[in-house]
Every structure is written in structure tokens, then in C-alpha cells.
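> Quick one, what's the 3D model for this:
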Amino acid sequence: MTSSTTRGAGTAGSGLARSRTLAAALLWRMRQERLRHFATVFLPFVLTVAVAVVLPLISDDSGMNGASDSARLGMEYGANADAIAAGLLLVLIPGVVAVHGAVGASLAVRNVVGAEAGVGALEAMLGAPYSPASIAAGLLGYALAVTAGQWAVMSGLGALALWVSARLHHDGLSVDGGYLTLSLLLPLLSTWAGAALALLLSLLFPRLSLPGQGGLAGNGGAVVSIVAILPGFGALLTLALGLGNVSPARLLLGAGGVTAAIIAGSLLGIARGFRPESVLGSS
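Numbers count the residues shown, from 1 in each chain. Reported below is the predicted structural model:
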């Protein structure tokens with residue numbers, strides 16, 4: 001009994017070590033080969049935030065839909081010169097981080113799974129001392145690390161955009177801990193949920209991640225992206241409809257709980273559904 005328990009613990013430990021090794025190897029290769037492509041993820045985000053900052057400067061936003069709600073939210077956090085613009089940015093910036101983070105997550109997962117499946121690397125790892133669980137855990141570690149990096153960069157750019165807007169409008173924004181926690185954690189959870197959903201579909205149906213002719217995603221790759229983006233859009237809608245009407249803590253508890261459930265459900269689906277046959281059948 002003791003020897004079997006020891007063997008089980010040793011197997012679990014070796015599997016975890018292989019997962020960490022795989023994740024580290026994928027991150028190293030991304031840094032060496034794909035960093036320039038990784039940087040392009042931020043361009044749509046920067047353009048979106050720039051439009052959100054510049055548009056109130058060049059237009060009369062007093063007639064916008066929801067202007068009164070935005071003004072109330074802006075004034076709640078200390079804006080006075082242009083409370084409407086401040087309120088809009090307080091909603092849009094974390095929401096846009098959530099959406100673009102989910103987009104980046106789907107691309108990161110699709111690219112790595114498609115690349116590895118396309119050259120037969122997944123089959124080779126299954127022939128080596130890698131179990132399906134250790135492969136899935138390694139890919140998950142890679143996806144979470146990459147998406148956390150994307151989230152950190154986008155959150156920093158968003159905070160900079162909010163500061164620039166406040167300076168341009170001569171406003172004195174002062175956000176509290178509740179808003180700060182919500183605006184950071186909800187986009188991160190949404191990004192991780194998008195990564196988990198993309199990994200679920202990519203491992204259960206590797207053909208969805210294989211590149212098609214001309215570098216286009218073949219065999220339904222758009223399905224992975226659409227599904228992965230849903231948590232980000234859900235976070236944006238939650239912020240747009242709830243912030244100012246519901247406390248940040250309640251919003252985070254509700255929406256964060258949903259995204260955490262999506263992550264847990266995706267991981268459970270991977271654990272139960274990822275089999276060597278799905279990888280071998282994609283070749």
C-alpha cells in the first residue's frame with residue numbers, strides 16, 4: 001500500500017515537472033521566434049483606447065446615449081470638468097482590456113496548438129514520457145502566462161490613457177479600491193476564461209487550430225476565436241450595465257464567479273475529453 005502510494009506521488013510529481021518544462025519551452029520559443037507577432041496583439045487595443053480618449057475631445061458628448069449615467073459615474077470618482085468622458089473611460093477601459101485580452105488568448109492558444117499539431121510535435125510528445133494530462137497542463141501554463149502578460153501590458157496602457165484623459169480635461173479622478181480591484185481582476189479572469197475555452201476546443205478538436213492555405217486559419221478556426229471572446233464581451237456588458245448601479249464588489253462576485261466557473265468547466269472538459277486519439281486523428 002505504501003509503495004503504491006509512493007509510486008503514485010512520484011508519477012504525479014514527474015508529470016507536473018514535465019508540464020512546467022513544456023510551458024517553459026513554449027515561452028522560450030515564443031520569445032525567440034514570435035515576439036514580434038506577440039506585440040501586434042496590442043495594436044487594435046491601442047487604437048480602440050485612442051479613439052475612446054480622443055472622441056470626447058473633438059465632439060459634443062452631451063447628447064450621447066447614457067450621458068447622464070456616465071456623468072454620474074465620473075462625478076462619483078472625482079471628475080468635474082468632463083464627467084461624461086471620465087465615466088465612459090472608467091467603463092470602457094477595463095471592458096476593452098477584457099475583450100482584447102480574450103482575443104489575444106484565442107490567438108495565442110490557436111497558434112501554439114496549431115503549430116505543434118501541424119509539425120507532429122504533439123504526437124511526438126505522446127510517444128515520449130508525456131501523458132495527455134501533462135501536455136494539457138503545459139499548454140495551459142503557457143496560455144495563462146502569455147495572457148497574463150498581455151493583460152498586464154493592456155492594463156498599464158489603459159491606466160495611462162485614463163491619466164492622459166484626466167490631464168487633458170483638467171479632471172482629478174480618484175478611484176477607490178473596489179473599482180481598482182474590479183477593473184483589474186475581472187478582465188484578467190475573462191482573459192483566462194477565453195484562454196481556457198480556446199484550449200478546450202483546440203485540444204478536443206485540433207483541426208480547428210491547423211493553419212489553412214495562405215496562412216489563414218483552416219477548418220473552422222474562427223469558431224475558437226468567437227467562443228473565446230465571449231467572456232470578454234460578457235465582462236464589457238457587465239461593466240456597461242452594472243457599474244454605477246451595483247457596487248464593484250457585487251459585480252466582481254457575480255461576473256467573476258461566472259468567469260471562474262467557465263475556467264473550471266473548461267479545465268474539467270479538457271481533463272475528461274482530451275485523448276491521444278484526437279491528436280493523432282488531426283494529422
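
> Could I get the average pLDDT for the helix or strand harbouring Leu184?
Secondary-structure assignment from DSSP states H and E places Leu184 in helix 177-204. What helix 177-204 shows for mean pLDDT is 91.

> mind listing what's buried in it?
Across helix 177-204, burial judged by 16 or more other C-beta atoms under 10 Å covers 179, 182-203. C-beta coordinates here come from the backbone N, C-alpha and C atoms, glycine included.

> Against which helices or strands is that helix packed?
Contacts of helix 177-204 with other secondary structure elements, assessed using 3 or more C-beta pairs under 8 Å, 6 or more residues apart in numbering; DSSP states H and E, are made with helix 83-118, helix 132-168, helix 221-242, helix 248-273, helix 276-280.

> Using CSV, please lay out those helices together with mean neighbour count and mean pLDDT.
CSV is the format used below for the helices and strands packed on helix 177-204 (neighbours: other C-beta atoms under 10 Å; pLDDT from 0 to 100):
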stretch, mean neighbour count, mean pLDDT
helix 83-118, 26, 82
helix 132-168, 20, 86
helix 221-242, 20, 83
helix 248-273, 17, 91
helix 276-280, 15, 59
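
> which stretch among those comes nearest Thr21?
helix 132-168 (7.3 Å; C-beta to C-beta).

> quick one on the thing from earlier: is it possible to get JSON lines of the helices and strands packed on helix 177-204 that adds distance to Ser174?
Rendered in JSON lines, the data for the helices and strands packed on helix 177-204 read as follows (distance: least, C-beta to C-beta, whole Å):
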{"stretch": "helix 83-118", "distance to Ser174": "11"}
{"stretch": "helix 132-168", "distance to Ser174": "10"}
{"stretch": "helix 221-242", "distance to Ser174": "19"}
{"stretch": "helix 248-273", "distance to Ser174": "14"}
{"stretch": "helix 276-280", "distance to Ser174": "52"}
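
> nearest to Val175, of those?
helix 83-118 (7.5 Å).

> The closest one to helix 221-242, inter-axis angle?
Taking axes from the mean of the first three to the mean of the last three C-alpha atoms, to 10 degrees, one finds helix 83-118 and helix 221-242 inclined to each other by 160 degrees.

> Which strands or helices does helix 83-118 pack on?
In terms of contact count using 3+ C-beta pairs under 8 Å, 6+ apart, helix 83-118 is assigned the packing partners helix 42-58, helix 67-76, helix 121-127, helix 132-168, helix 177-204, helix 221-242.

> So which of the ones you listed is nearest Val113?
helix 177-204 (4.1 Å).

> how much does the closest one deviate in direction from helix 67-76?
Using the same axes, to 10 degrees, one finds that helix 177-204 and helix 67-76 are set 120 degrees apart in direction.
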